[in-house]
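S.K.: Test case, fold it:
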Amino acid sequence: MNVKTSCRLVHFRRTQRLLKSSRFRAQHVGPVHRCREYSVESTTTTTETKNNFSDAAVLSHGKRAVNNFAEQSRQTPRSQYRKLVESSALRSDDHQEEIVGKLQALHDQLETYEQPPVLEPKQSSSLLSRFFSREDHEAGTIAADNVPRGLYLHGDVGTGKSMLMDMFYDTLPPRIKKKRRVHFHAFMIDVHKRVHAVKSSMGASEGDPIAPVARELARETTVLCFDEFQVTDIVDAMILRRFFEILLNHGVVSVMTSNRHPDELYRNGIQRSSFIPCIELLKSKFDVINLDSGTDYRRIPRALSHVYFDPLSPENVKEANKIFTAIATRDGENVSHDRRLKIWGRTLHVPESTSHVAKFTFDELCGHALSAADYLEVTKTFHTVFVTDVPQMNLGQKDKARRFITFVDACYESRTKLFITSEVPIFQVFSVDGDGDKSVSDHQRSVMDDLGLSDSTVGTSSMFTGEEEVFAFARCCSRLVQMGSKEWAETAGRE
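M.R.: Got it, this is the predicted structure:
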């Protein structure tokens, strides 16, 4: 051990002794974590300072040293981000690092945060009291100002929203036991199931079903992370303001990602005026952060893994089937035919599968009226999915194209390993070049340019015209690029 390191250790041990007897430590510094190695650059001082420590100076300096040391000893958003940059998994980005600082600040608040118990409201026998109590604060709630402010991260495709939220969620303090990370589609499916169950048990005239569902979720969750927050359904729009308000009143801390600023949510939606209070709630109770920095993290070059096969030649079909058999039977299982999944009382047929691997044709997966809930169930059940015979779609297959995009989103969210055989390169399956009389709109051209998607890559697709459709198409192409990378192939599809 050299002299410099020895001095640092002596200084750190002296700081520990002082902090143990100081009320400052009890108020501001968490438990000191021990490890075999210790090195903190920020403790470097002048010779004069080293020889003339006052207790106040040691406490102030020691707080920084211990906090830095503790951060190195456990996972935090900042330490995890630095590891990814140092390993070249991420490129250093000043704007993104600033946002990591906000995640770190919330992480630090959660180190000492205690969510209050969620109590049932007192029942009143008065019909009038029960009617007006719907808008009152409920028993056991706390002032929203006493709950750490949540974060609302918004930005275009490829700005690293999901990666940053996962980083925050994966490094939450160990003391946070009740936590949930969920795609917004899946969350709302769960909410509607619960609301339906409450309505069934309460009867038609028994009052508000939203409050008991929100209380139930608040009991289950201290930190709630939503990915891909968006509102396209009037039913969701009508309940979200009250839902979030109750969660906040019961001390739930939320972090969410979205493609849009709150002011842009549910734009042009039916009865949007009824959704405005939810927008105002998001802006007043969350720190709204724009992630757009000009860097698309999915466009950073990656070595593509061979998971997409085109055209539909006998050689490619044979190769894909060979890979399916190898992966599906590697644990000694036999491939089952016509397996059945039960989803919301309906049956979904799976043509070929083992416990964790499934194979569908495009028509079997997208040729029927399946929803996001169906596709989420598929990706929850199978960590690897093969989709064969994907055609180049035209305007007559727009519904199938929408379902395929929803399926790709479900695979991406669940980190499912995806293999595809297609008539044309997978990024061009939405192209309608053959129609001749269609052209790319200015808006679509702008989105494609932002993503680095050229005509030669995706074709001059005019299948999608509305703003939401164009965005979903562009996001799907970007995600397919990422899901075809070597990194995805090595990390996705794990049980």
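
S.K.: next one: phi and psi at the residue nearest to Pro173 when sequence neighbours are not counted?
M.R.: Among residues not flanking Pro173 along the chain, Glu111 sits closest, at 5.1 Å (CB to CB, 6 or more residues apart in numbering). Glycine gets a C-beta too; all of them are placed from N, C-alpha and C. In terms of degrees, to the nearest 10, the main-chain angles of Glu111 are phi -60, psi -30.

S.K.: Equivalent analysis for the one 3 residues further on, please.
M.R.: Here the main-chain torsion angles of Glu114 (degrees, to the nearest 10) amount to phi -120, psi 120.

S.K.: Assign a three-state SS to Thr347, would you?
M.R.: Under the three-state scheme (DSSP: H, G, I helix; E, B strand; the rest coil), Thr347 adopts strand.

S.K.: Quick one: residues contacting it.
M.R.: Contacts of Thr347 were listed using CB atoms under 8 Å, 6 or more residues apart in numbering, and they are Arg340, Leu341.

S.K.: The same query, at a cut-off of 7 Å, please.
M.R.: Contact analysis of Thr347 by CB atoms under 7 Å, 6 or more residues apart in numbering lists Arg340.

S.K.: partner residues bridging it?
M.R.: Thr347 has the following beta-bridge partners by DSSP bridges: Lys342.

S.K.: can I assume the residue nearest to Pro173 is in contact with Leu172?
M.R.: No: using CB atoms under 7 Å, Glu111 makes no contact with Leu172, being 9.8 Å away.

S.K.: Among the two, which residue is more densely surrounded?
M.R.: It is Leu172, of Glu111 and Leu172, that has more neighbours when counted by other CB atoms under 10 Å, with 22 against 14.

S.K.: The more buried one: which element?
M.R.: Assigned by DSSP states H and E, Leu172 belongs to no helix or strand.

S.K.: distance of it from Asp287?
M.R.: 17 Å (CB to CB, to the nearest Å).

S.K.: Leu248 too?
M.R.: The spacing between Leu248 and Asp287, counted by CB to CB, is 14 Å.

S.K.: Pick out whichever of those two has more residues nearby.
M.R.: Leu248 (23 against 14).

S.K.: Trp85 against Ser92, yeah?
M.R.: If you look again at residue 85, you'll see it is Val, not Trp. Yes: in terms of CB under 7 Å, Val85 counts as a neighbour of Ser92; the distance is 5.1 Å.

S.K.: Between these two, which has more neighbouring residues?
M.R.: Val85 (16 against 12).

S.K.: what's the helix or strand encompassing the more buried one packed up against?
M.R.: For Val85, the host element (DSSP H and E) is helix 77-86. For helix 77-86, the packing partners by 3 or more CB pairs under 7 Å, 6 or more residues apart in numbering; DSSP states H and E come out as helix 55-73, helix 94-110, helix 161-170.

S.K.: in that helix, what counts as buried?
M.R.: Burial within helix 77-86, assessed by neighbour count using 16 or more other CB atoms under 10 Å, is assigned to Pro77, Arg78, Ser79, Gln80, Tyr81, Arg82, Val85.

S.K.: cool, and stretch 184-199?
M.R.: Buried residues in stretch 184-199, counted by 16+ other CB under 10 Å: Phe184, His185, Ala186, Phe187, Met188, Ile189, Val191, His192, Arg194, Val195, Val198.

S.K.: and if you look at stretch 258-271?
M.R.: Neighbour-count burial for stretch 258-271, counted by 16+ other CB under 10 Å, picks out Ser258, Asn259, Arg260, Pro262, Leu265, Tyr266, Gly269.

S.K.: For the first one, give me its contacts.
M.R.: Taking CB under 7 Å, 6+ apart as the criterion, Ser258 is in contact with Tyr152, His154, Phe229, Gln230.

S.K.: ok, Ala492 touching Phe419?
M.R.: No: between Ala492 and Phe419 there is no contact under CB under 7 Å: 11.2 Å.

S.K.: Quick one: mean pLDDT over stretch 197-214.
M.R.: Stretch 197-214 shows a mean pLDDT of 81.

S.K.: Dump it to PDB, keeping only the CA atoms.
M.R.: Taking C-alpha atoms only, stretch 197-214 is exported to PDB below (Å, rounded to 0.1, in the frame of the first residue of the first chain):
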ATOM      1  CA  ALA A 197     -64.100  -7.200 -10.200                       C
ATOM      2  CA  VAL A 198     -64.900  -4.400  -7.700                       C
ATOM      3  CA  LYS A 199     -68.000  -3.400  -9.700                       C
ATOM      4  CA  SER A 200     -69.200  -7.000  -9.700                       C
ATOM      5  CA  SER A 201     -68.800  -7.200  -5.900                       C
ATOM      6  CA  MET A 202     -70.300  -3.800  -5.100                       C
ATOM      7  CA  GLY A 203     -73.300  -3.800  -7.400                       C
ATOM      8  CA  ALA A 204     -74.500  -1.200  -9.800                       C
ATOM      9  CA  SER A 205     -75.400   1.500  -7.200                       C
ATOM     10  CA  GLU A 206     -72.700   1.100  -4.600                       C
ATOM     11  CA  GLY A 207     -70.500   4.100  -5.600                       C
ATOM     12  CA  ASP A 208     -67.000   4.700  -6.900                       C
ATOM     13  CA  PRO A 209     -64.900   1.600  -7.900                       C
ATOM     14  CA  ILE A 210     -61.800   3.500  -8.700                       C
ATOM     15  CA  ALA A 211     -60.900   4.400  -5.100                       C
ATOM     16  CA  PRO A 212     -60.800   0.800  -3.700                       C
ATOM     17  CA  VAL A 213     -58.700  -0.300  -6.700                       C
ATOM     18  CA  ALA A 214     -56.300   2.600  -6.200                       C
END
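
S.K.: and it, which residues are buried?
M.R.: Buried positions in stretch 197-214, judged by neighbour count with 16+ other CB under 10 Å: Val198, Asp208, Pro209, Ile210, Ala211, Pro212, Val213, Ala214.
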